[in-house]
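Q: heads up, no residue letters with this:
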């Protein structure tokens with residue numbers, strides 16, 4: 001682990017392996033015959049592999065700021081979703097090759113972003129500042145607070161599916177507005193915007209099967225995990241919120257994701273009923 005003056009932490013793969021080995025040795029989880037090289041259980045091998053993958057995958061994400069104060073983020077990974085947390089705590093899961101442009105700080109009267117490609121949104125509720133998404137499909141999306149998936153990649157027709165809350169989908173000319181509620185989908189065709197019931201629940205889960213975080217704050221990583229898994233993790237020490245981490249989770253349980261976070265940042269987890277608490281390790 002390398003920590004700079006801005007309190008940003010990068011995973012050092014050799015150190016991560018050393019920490020993992022020490023943890024397994026202390027907990028008597030290593031296997032093997034006396035005098036032979038110790039064997040690490042496959043479950044923990046998978047966790048350590050994620051650490052290594054995070055270091056490698058981080059080179060594929062290219063965030064940068066434009067002169068007009070917009071932040072541009074694009075996911076160059078071919079198999080996972082890049083998770084981005086916006087200024088208002090809304091979370092965006094960008095699919096492969098998708099990109100989003102958004103202001104570093106939203107205006108007082110609205111929160112407007114531009115999306116190209118497919119993404120899952122979990123929008124923080126704020127009636128005074130509606131959340132507006134402009135797409136490359138000549139469709140505008142307006143919400144207050146909700147969870148929904150958007151398909152706007154060039155090779156597929158526009159489609160939006162709502163998991164929670166309500167969404168209004170506007171045609172570019174403003175003549176056609178389709179209100180949607182949870183469990184409903186709208187698709188654009190040559191005849192206009194057509195609404196029907198969701199038939200494939202994987203339209204949401206495919207964004208969270210493999211989540212990639214690049215230099216993301218711990219509080220944002222936990223928030224993104226909680227959004228998909230029902231708030232099982234609590235950061236007990238608020239001083240940890242701004243610690244940053246680059247990491248990839250792939251089909252991992254909440255328990256495994258928490259263990260990986262704690263191992264990488266030298267933190268401690270405690271479980272109480274259905275809640276996992278992350279806190280500073282005792283020296």
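A: That came in fine, so what should we check first? Because the structure is a prediction, the values reported are computed rather than measured. Numbers count the residues shown, from 1 in each chain.

Q: Per the annotation, how does this protein divide into domains?
A: As assigned by automatic domain parsing, the chain contains the domains 1-60+211-283, 81-204.

Q: okay if I get the ones you listed as TSV plus distance to residue 72 and mean neighbour count?
A: In this view, the C-beta of every residue, glycine as well, is placed from N, C-alpha and C. Formatted as TSV, the domains of the chain follow (distance: least, CB to CB, whole Å; neighbours: other CB atoms under 10 Å):
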stretch	distance to residue 72	mean neighbour count
domain 1-60+211-283	14	15
domain 81-204	5	17
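
Q: Least confident of those domains, on average?
A: Here the lowest mean pLDDT among those goes to domain 1-60+211-283, at a mean of 72.

Q: got a list of what residue 131 touches?
A: Taking CB atoms under 8 Å, 6 or more residues apart in numbering as the criterion, residue 131 is in contact with 90, 110, 111, 112, 113, 121, 123, 142, 143, 144, 145.

Q: Out of those residues, which comes closest to residue 76?
A: Checking these against residue 76 by CB to CB gives residue 113 as the nearest, at 19.1 Å.

Q: rewinding a little: which of the contacts of residue 131 fall in strands?
A: Among these, DSSP state E puts 111, 112, 113, 121, 142, 143 in strands.

Q: correct me, but the fifth one touches residue 132?
A: To tie it back to what came earlier, the one meant is residue 142. Yes: with contact defined as CB atoms under 8 Å, residue 142 counts as touching residue 132 (5.3 Å).

Q: Show me what the residue most central in space within the chain bridges to in the sheet.
A: Closest to where the C-alpha atoms of the chain average out (CA atoms, centre = their mean) is residue 83, at 2.9 Å. The partner list for residue 83 in beta bridges (DSSP bridges) reads residue 93.
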